[in-house]
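Visitor: this is the structure alone, sequence omitted:
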């Protein structure tokens with residue numbers, strides 16, 4: 001589903017990714033771990049097409065389509081979703097307005113009929129219990145006044161509502177207490193299935209205790225330096241990144 005070959009990328013002409021290769025098949029959950037500054041968040045932003053994050057070499061395909069030639073909206077319509085490490089607030093725009101605009105924009109891009117307000121509200125409400133959100137939060141500004149845990153649950157709600165094919169979650173577990181972590185993990189596990197793939201970017205093993213990945217990759221010095229099964233995450237939790245960083249240098 002997602003195929004990355006020899007990806008090089010920079011931020012404001014500063015090289016960050018330096019020949020990254022990664023392949024994720026439909027139905028798989030992969031996790032990327034690594035030290036600060038290794039390029040984990042950069043990878044997510046490059047794949048999503050964020051301005052200022054420039055792919056300078058290599059290729060990325062999603063369902064055999066050239067992802068790097070698409071703008072950000074086209075990537076979203078193609079089924080790519082990025083959950084942010086630090087979700088932003090959008091005062092004056094309610095959650096329900098934001099979600100409906102995003103959902104219908106994607107349906108329109110795919111040539112599908114847009115949902116009216118009542119049909120869309122019904123669609124959203126079926127996911128609220130999964131993320132532990134009250135329906136009143138739908139009418140608040142996007143992330144406005146939300147706690148850290150509420151912002152992360154709101155990201156998962158967006159994911160559930162939009163139903164993307166390729167999900168990238170950038171340190172969604174960051175700053176969560178154990179209850180919020182379990183709720184977020186439940187939402188992620190709800191999306192597991194043969195029709196989509198999930199990439200978890202994380203520092204810690206604890207999310208992977210609830211969302212077991214098929215593969216774990218270590219990103220160091222701008223490229224994948226080691227890959228393995230779920231036991232690799234536990235090894236990193238116990239021993240850290242020092243040896244792997246040295247081998248990647």
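Guide: Happy to help now that I have it. As the structure is a prediction and not an experimental result, all values here were calculated from the model. Residues are numbered from 1 along each chain as shown.

Visitor: which stretches of this structure form helices?
Guide: Using DSSP state H, the helices found in the chain span residues 40-48, 72-77, 95-109, 117-131, 148-162, 178-190, 230-239, 242-248.

Visitor: which residues touch the nearest residue to residue 114 once chain neighbours are set aside?
Guide: In space, and not counting its chain neighbours, residue 114 is closest to residue 104: 4.1 Å by CB to CB, 6 or more residues apart in numbering. Bear in mind the C-beta positions are built from the backbone N, C-alpha and C, glycine included. The contact partners of residue 104, by CB atoms under 8 Å, 6 or more residues apart in numbering, come to 114, 115, 120.

Visitor: measure residue 104 to residue 156 for me?
Guide: Counting by CB to CB, to the nearest Å, the gap from residue 104 to residue 156 is 20 Å.

Visitor: likewise residue 81?
Guide: For residue 81, the distance to residue 156 equals 11 Å [CB to CB].

Visitor: tell me which of these two has more neighbours.
Guide: residue 156 (26 against 22; other CB atoms under 10 Å).

Visitor: does that one touch residue 132 like I think?
Guide: No. Using CB atoms under 8 Å, residue 156 is not in contact with residue 132; the gap is 9.7 Å.

Visitor: anything in contact with each of the two?
Guide: Common neighbours of residue 156 and residue 132 (CB under 8 Å, 6+ apart) are residue 183.

Visitor: name the nearest residue to residue 207, sequence neighbours excluded.
Guide: residue 173 (4.0 Å).

Visitor: just give me the neighbour total for that neighbour.
Guide: Neighbour count of residue 173, defined by other CB under 10 Å: 24.

Visitor: what is the neighbour count of the closest residue to residue 25 other than its chain neighbours?
Guide: Nearest residue to residue 25, sequence neighbours excluded (CB to CB, 6+ apart): residue 1, at 5.9 Å. Applying other CB under 10 Å, we find 18 residues neighbouring residue 1.

Visitor: what's the pLDDT at residue 120?
Guide: Residue 120 is assigned 93 on the pLDDT scale.
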